[in-house]
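1. only geometry, no sequence info:
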Ligand code: C2E
Ligand code: MG
Ligand code: MG
Ligand code: MG
């Protein structure tokens, strides 16, 4: 039904003739098959320590890799899966792949110390008992819960704040690393920092954007980093794209960088190949140069 003359797959989002509803239905009807066929894949984006510029771990990001090789970004399918009660299936799949990978890395001299951070959707808490799910996963795969970092945004707390806060507290007590994602964007407020004792603060890339408000962004960024430090939370800055930003952010006192400067999100095999010794090189430098 949804095939077009021009391409053998259906058109995901470039086709303005296709209504949102039809596109949503197309995504949904293909999703279960895509999961089963392994089209939903785990990509990794390195996180790099500001001190010695070594990789300390990676964020797990999902990609829908179609049979014809096209890669669909999460911005396209995640909102649809969220709206239709399916996101937990994708998230569980990604979490499990992340755990399996941590298990396979366990005794590796380089990757054995890495943390993998996974995203949690606001909708997951309606379908899954997250405490049960995550504790089961680390027990099944025999991995250290510290190595699994759970990224939460404030939206996760909007509907049932008390329950969500208690849940995070229990997960933290169990030993998981808790990160607040996209801090400084959207709904994030300071009372959130008060209520959630997270281990890591991830600062939204918004503050790195080149705008006419750049000087104000810099002041706010510096203040967030100082605040996080006082609260005992290392900061991750997302969206780091240039060596100049690396220098500036190091000076401000940011602890960890995540961004295209070091790596785009890549398939696991590429990630392992890219950082064989754990040393982060700028993305533009070929890996072979160091070998
Ligand atoms: P996020 O969790 O804040 O992830 C960071 C996003 O910033 C990623 O986009 C990453 O590719 C992008 N990014 C990182 N560094 C740079 C940079 O230097 N420049 C630019 N322009 N972008 C950069 P991505 O992978 O498209 O994911 C978008 C969002 O979708 C994520 O934001 C997250 O909220 C959500 N997401 C991705 N994968 C999953 C998943 O498996 N489950 C759930 N629930 N959400 C996911
Ligand atoms: Mg994230
Ligand atoms: Mg983020
Ligand atoms: Mg984001």
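-> Everything's here; your move. Just so we're clear, the structure is a prediction, and the values are computed from it rather than from any experiment. Ligands and ions are numbered 1, 2, ... in the order given.
2. got the residues of the stretch 1-150 of the chain near ligand 1?
-> Applying CB under 6 Å from any ligand atom, we find that the stretch 1-150 of the chain lies next to ligand 1 at 45, 61-62, 73-75, 78, 87, 91, 94, 119, 121. Quick note: C-beta positions are derived from backbone N, CA and C, even for glycine.
3. buried subset of the residues you listed as a ChimeraX selection?
-> Buried residues among these (16 or more other CB atoms under 10 Å), as a ChimeraX selection:
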select :45,61,62,74,78,87,91,94,119,121
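4. and the helix or strand of the chain with the lowest mean pLDDT, which residues are buried?
-> Scoring the helices and strands of the chain by mean pLDDT, DSSP states H and E places helix 190-195 at the bottom, with a mean of 87. Going by neighbour count (16+ other CB under 10 Å), the buried part of helix 190-195 is 192-193, 195.
5. didn't residue 122 look like it was pressed against residue 158?
-> Yes. Residue 122 is in contact with residue 158 according to CB atoms under 8 Å; the separation is 6.9 Å.
6. now the common contact residues for these two.
-> With contacts defined as CB atoms under 8 Å, 6 or more residues apart in numbering, no residue is shared by residue 122 and residue 158.
7. quick one: which of those two has more around it?
-> Legend: neighbour count by other CB atoms under 10 Å for residue 122 and residue 158, higher for residue 122 (17 against 11).
8. checking the more buried one next. Helix, strand or coil?
-> Assigned with DSSP: H, G, I helix; E, B strand; the rest coil, residue 122 falls in the coil class.
9. and it, what does it touch?
-> 82, 153, 155-156, 158-159.
10. how many neighbours does residue 227 have?
-> Residue 227 has 15 neighbouring residues, counting by other CB under 10 Å.
11. so who does the closest residue to it other than its chain neighbours touch?
-> Counting by CB to CB, 6 or more residues apart in numbering, residue 227 lies nearest to residue 193, which is 7.5 Å off, once chain neighbours are set aside. Going by CB under 8 Å, 6+ apart, residue 193 touches 180, 201, 227, 231.
12. pick the one among those residues closest to residue 241.
-> residue 201 (20.1 Å; CB to CB).
13. how about the residues of the stretch 151-291 of the chain by ligand 1?
-> Residues of the stretch 151-291 of the chain that fall close to ligand 1, judged by CB under 6 Å from any ligand atom: 151, 181-182, 238-241, 258-260, 265.
14. if we go to 5 Å?
-> Within the stretch 151-291 of the chain, the residues that sit near ligand 1 (CB under 5 Å from any ligand atom) are 239, 241, 259-260, 265.
15. for those residues, give me TSV that also has distance to residue 273 and pLDDT.
-> Formatted as TSV, these follow (distance: CB to CB, whole Å; pLDDT from 0 to 100):
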residue	distance to residue 273	pLDDT
239	24	96
241	22	96
259	19	97
260	18	97
265	15	97
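16. and those residues, which of them are in helices?
-> Counting by DSSP state H, these place none of their members in helices.
17. returning to what we had before: can you tell me which of the contacts of residue 193 are buried?
-> 180, 201.
18. and of the contacts of residue 193, the nearest to ligand 1?
-> residue 180 (11.0 Å; CB to the nearest ligand atom).
19. okay, the residue nearest to that closest one when sequence neighbours are not counted: pLDDT?
-> Leaving aside its sequence neighbours, residue 180 sits nearest to residue 198 (CB to CB, 6+ apart; 4.7 Å). Note on residue 198: pLDDT of 95.
20. ditto for the one 5 residues further on
-> Taken from the predicted model, the pLDDT recorded for residue 203 is 95.
21. and if you look at residue 109?
-> Note on residue 109: pLDDT of 96.
22. before we move on, what about residue 280?
-> 94.
23. residue 155 contacts residue 186, correct?
-> Yes. With contact defined as CB under 8 Å, residue 155 and residue 186 form a contacting pair (7.3 Å).
24. near ligand 3, which residues of this structure are found?
-> Residues of the chain lying close to ligand 3 by CB under 5 Å from the ion are 181-182, 238.
25. near ligand 2, which residues of this structure are found?
-> By the rule CB under 5 Å from the ion, the part of the chain lying against ligand 2 is 119, 151, 181.
26. for the closest residue to the second one other than its chain neighbours, grab the count of nearby residues.
-> Think residue 151. Nearest residue to residue 151, sequence neighbours excluded (CB to CB, 6+ apart): residue 181, at 4.2 Å. Here the number of neighbours of residue 181 (other CB under 10 Å) works out to 26.
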